[in-house]
Each structure stands twice: as C-alpha cells, then as structure tokens.
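J.: Got a predicted model here, sequence first, then my questions.
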Amino acid sequence: MLEYRDVYAGGRLLPSASPDVITVANPATEEIVGAAPAASGHDVDIVVGAARQAFDRGPWPGASQADRAAAMDRLAAALQDRAPDTARLVTAEMGMPIAASRLHNGEVPVTILRYYATLARALQPEEIRAAVNFRGHTIVRHEPVGVAAVIAPWNYPLALTFSQLAPALAAGCTVVLKPAAQTCLSAYILAEAFEAADFPPGVFNLVTGGNEVAELLARHPGVDKVSFAGPASVGRRIAVACGETFKSVNLEMGGKAAAIVLDDADLAAASVALGRLAFANCGQTCFAASRVLAPKGRYDDVVGGLVEQAAAEVAGDPMAAETSLGPLVSPRRRAGVESYVAASTGEGARVAVGGRRPAAPVRGYYYEPTVLAGDVGGVGGEVFGPVVTVIPYAHESEAVAVANEAGPGLAGTVWTSDPDHGVDIARRIHVGTFGVNLYVPDLGSPWGGKASGQGSTYGPECLGAYLRPKSVFLPEPAPA
C-alpha cells in the first residue's frame, strides 16, 4: 500500500500539517490502494507560496522559449520512462482497463507535452504594431499569467492534467496541481518526473485533498489563474470563488452528447463506433455518446446494433489485457447510474440490455453496459456510466432540435454516407465540438462546450489562456 503524508512544494516533499488522510480504494477489488493527505489551509499556503516565489523570483518565467521547450521535452521523456507504472497505478485507483490506461495515462500526456513544447519554441513573446492614436508604435508583449492552479478530474487523470499543465508550462507559469481525491496517488509520480527533468524548484507543486482544497486554491490571493475539470456542482463554486477575486478561470464540466444517425448511415460501422463512445471507460467520459437519435424507419436496427456492442464488452479485472469494461469508480457513482436508469424506466424507457449489476465479478463497482430504448426527455443530467439511450425521430429537423435542447453542448456526432451533409448538420448543432462519422478530440484544435464551462482545452487557444497581454507605448524620436 502506498502511503503519502506530504505535499510537494519548492522541489521537495514536506510533511503535511493535516492529520486527516484520503484513502483510495481499488474499485475492482474494494481493497485499499493507499492514502494521501487531506490537506489543510496551511498546506495550501505552503504550495502556493512556493509557486509564487518561483514565479516572482525564479528563472522559469524569464527563460527563453527554447529552454522551456527543452525542459518540457525532458519531462516528456521522464514521464515515458514511468508510463508503465503510472498506467498500472491509475488502473488500481479508478478502474480504467489497463490497455486504455496505457494510452490515456501513459502515452497521451507525453504527446501533449511534446505538442506544447513545439508551440513554446514558436511562441513570439513580442510583436510591434504601428500606433493609431499617436506618432510611434506599440510593443505588445505576451507574458505568463502567473501562478496557475490546475484542479484535475479522476476519469482521465493524467491526460486531463497535462491538457492544462503543459500549456501553463509553455507559457512560463508556475503550477500547483490538485488531483482528484480518487487518483491522488499517481500524482506523486509527476513530482518524481519533474525532478528527473531538472525543472527549477517551485515550478511544479502538489497538494492533495477534496473539494474544499480546490476552493481554497481558487480563493487564494497568491493564485492568478485556475483551471478546473469535474462536476458542474463543484465548478460553479470554483467559478464564484474566482469571480470574487477576478481570477481568470478555465472550466470544463462535462456533457451529454447526442449522436444523430441519418437514414443513409452505415449502421454496422456506426454501431461499433457508437458502442465505443458509449461504453469506453465504463461510460465515465465527458463526451460519451449517451443519447443516440435514430430515424423511426431504422430504429430497431440501431437499437439492435448497440445491443450487440454491449454484449461484446468484456467485463472483469481491469488489469487483464482482454478486459474492455472495468468498474465504475466508486459505489456512489454506481448508485448514481442506477438512479438514472430507474428514472429513465419510470419515464417509459425500455431496457433493451443490461440495466443491472452483473452476477460476476462479485466484488467491485461493476454495472452492465446498458441500452435504453425510448424518449426520456424528462430525465436530466449526465449519466456518466455505461448507459446509452436510443431516441426515435421522424424528421431530421426534429433530431437537430432534440440534440440542441438538452445537454451542456460539449460534443456531438452525426453518422451519414454523405460527409458534406454531415458538415451541414454540424453547422446547425450548438456544441463546441462535433464529429462527422467519428469523434476523436484533436490536440491541435480548441475543445470545449457552449454551456459545459468556459475557455478552451487543447490547441494554441489553451496556450493563449495562460498568457497576459501587455502594451508598451513608444513615441517616434523627436526630430534632430
């Protein structure tokens, strides 16, 4: 069992001032994996103070773009060396099948770091503009915003940590990471990697705890920017805390994606892809295809195709290579999924497959992949579990309206043999990201939703979120 009693600040582990701990249970076995501090306000002051000193007096904010990029490449290599251990630990913490964990917690963070290292090399910190209001010019500088608090979620912990941490580093910010309580143990591997990559002390700092620690960071006067990914109930409190001190904040608070299957879609291919989008990571994905809109003439075929995909899922030990469906992260999460299914059937939905806990394995927070048939418009909220509802529609305009009227607008898809028509559908759907015959978030493009938060993840846009413009006005020299 892993036991930590420290925060990481200024390049070293320091004993936490809190006597309280977070215990992390393996959701597949229900056994304790380890423990970490439930940090105190004093701990928050220590880690923020270290990040503040490193930003105000350390070399990182003033380092050249080339030096920052080189350090990020070293960090990528250090993470790659630790990727097998990281993947196994995250699987033990939250139940992601090991094959997926190797990708999302091993490979993807390395890819993100290298992408932003490339952007860091190309970043132009200054540009010159001709003045409009006086005779002279303006130097527009792009400077790091300061100390960034990254509050990460548990469902894709390393990938989503680095989706904000990497652009913050590329901009020249110093960082305090607050991982989710469920995946706090794996965050200590990052401290090892930063040391191995020879980062200046205080550039990366780590504090563990629950939602109270997240709010303390958001309110702390030493923090200049906050990024948060997680449930909307917590995100709203983070937004309010940031608003009180006028901090910049990036928020990503989930989704309830709709997939529109058109009459001309290749149902065999669409079913396979939609099954993956619905059931991957046990449905604990913010862009999961939780609502599939099917034309009435092909409705039974769409339901049947998804039932086949549910039956093809292999539930079991997430450490086993053949497992595709692990447990839900906690008994509370499973209870939430059960409540959602009960509410849906109460609204008239039919359980086509699943809808219960499996007979085996006996231990662990497992739930069968579930396909619900029928319109459950009265059931709100994000299911965040392996449940997909197939909703019939009569006309394309009806499908577009249903896709637009519910959900926070993070993601959507359309499935059609006519990609041009698919793009036309994309223009009519009010979401931040949309796929035509696929859905794969693109690291080089902005990612976010109309009502699932604010700000963008990925792309140059996310790097820009960690930069602050400064204008320096210069008159023309006086004539001799």
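T.: Here it is on my side, so go on.

J.: make it CA atoms for all contacts and neighbour counts henceforth
T.: Fine.

J.: in what helix or strand does the most centrally placed residue in the chain lie?
T.: What sits nearest the mean C-alpha location of the chain, by Cα atoms, centre = their mean, is residue 160, with 3.9 Å. Using DSSP states H and E, residue 160 sits within helix 157-171.

J.: ok, the next helix or strand after that helix: who's next to it in the sheet?
T.: As assigned by DSSP H and E, the chain's next helix or strand after helix 157-171 is strand 174-178. Strand 174-178 sits in its sheet next to strand 147-151 (parallel), strand 204-206 (parallel), going by DSSP bridges.

J.: In JSON lines: those strands, plus mean neighbour count, mean pLDDT and distance to residue 368.
T.: As requested, those are exported to JSON lines (neighbours: other Cα atoms under 10 Å; pLDDT from 0 to 100; distance: least, Cα to Cα, whole Å):
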{"stretch": "strand 147-151", "mean neighbour count": "29", "mean pLDDT": "98", "distance to residue 368": "30"}
{"stretch": "strand 204-206", "mean neighbour count": "28", "mean pLDDT": "98", "distance to residue 368": "36"}
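
J.: Now render these as a markdown table, adding distance to residue 344.
T.: Shown next, in a markdown table, are the strands paired with strand 174-178 (distance: least, Cα to Cα, whole Å):
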| stretch | distance to residue 344 |
| --- | --- |
| strand 147-151 | 32 |
| strand 204-206 | 41 |
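
J.: Which among these is found nearest to residue 307?
T.: strand 147-151 (36.6 Å; Cα to Cα).

J.: tell me the angle that closest one makes with helix 157-171.
T.: 170 degrees (axes from the mean of the first three to the mean of the last three Cα atoms, to 10 degrees).

J.: on that earlier part again, return the residues in contact with the residue lying closest to the residue nearest to the centre of the chain once chain neighbours are set aside.
T.: Nearest non-adjacent residue to residue 160, counting by Cα to Cα, 6 or more residues apart in numbering: residue 152, 6.6 Å away. For residue 152, the contacting residues are 160-161, 177-180, 228-230, by Cα atoms under 8 Å, 6 or more residues apart in numbering.

J.: Just flag the most distant two among these.
T.: With Cα to Cα as the measure, no two of these lie farther apart than 177 and 230, at 14.2 Å.

J.: Those two: which has the busier surroundings?
T.: Regarding residue 177 and residue 230, a neighbour count based on other Cα atoms under 10 Å identifies residue 177 as having more, with 24 against 18.

J.: Do I have it right that that one meets residue 150?
T.: Yes. Here residue 177 reaches residue 150: they are 4.9 Å apart, a contact under Cα atoms under 8 Å.

J.: where along the stretch 251-400 of the chain do the helices fall?
T.: Secondary structure of the stretch 251-400 of the chain (DSSP state H, counting those that start in this stretch): helices located at 267-279, 299-312, 331-346, 396-405.

J.: nearest to residue 98, of these?
T.: Minimum separation from residue 98 across these (Cα to Cα) falls at helix 267-279, 15.2 Å.

J.: any residues touching that closest one, and which ones?
T.: Residues from elsewhere that reach helix 267-279 (Cα under 8 Å, 6+ apart): 261, 283, 287-290, 301-302, 305-306, 309-310, 325, 369, 385-388, 415, 437-438.

J.: Return the set of buried residues in that helix.
T.: By neighbour count on 16 or more other Cα atoms under 10 Å, the buried set for helix 267-279 is 267, 270-279.

J.: closest one to residue 33 among the strands paired with strand 174-178?
T.: With respect to residue 33, and counting by Cα to Cα, the nearest of these is strand 204-206 at 19.4 Å.

J.: gap between the closest one and the chain center?
T.: Averaged C-alpha coordinates place strand 204-206 at 19 Å from its chain's average position (Cα atoms, centre = their mean, to the nearest Å).

J.: before we move on, back to that, backbone dihedrals for the residue nearest to residue 160, both of them.
T.: Reported as degrees, to the nearest 10, the phi and psi values for residue 152 are phi -100, psi 160.
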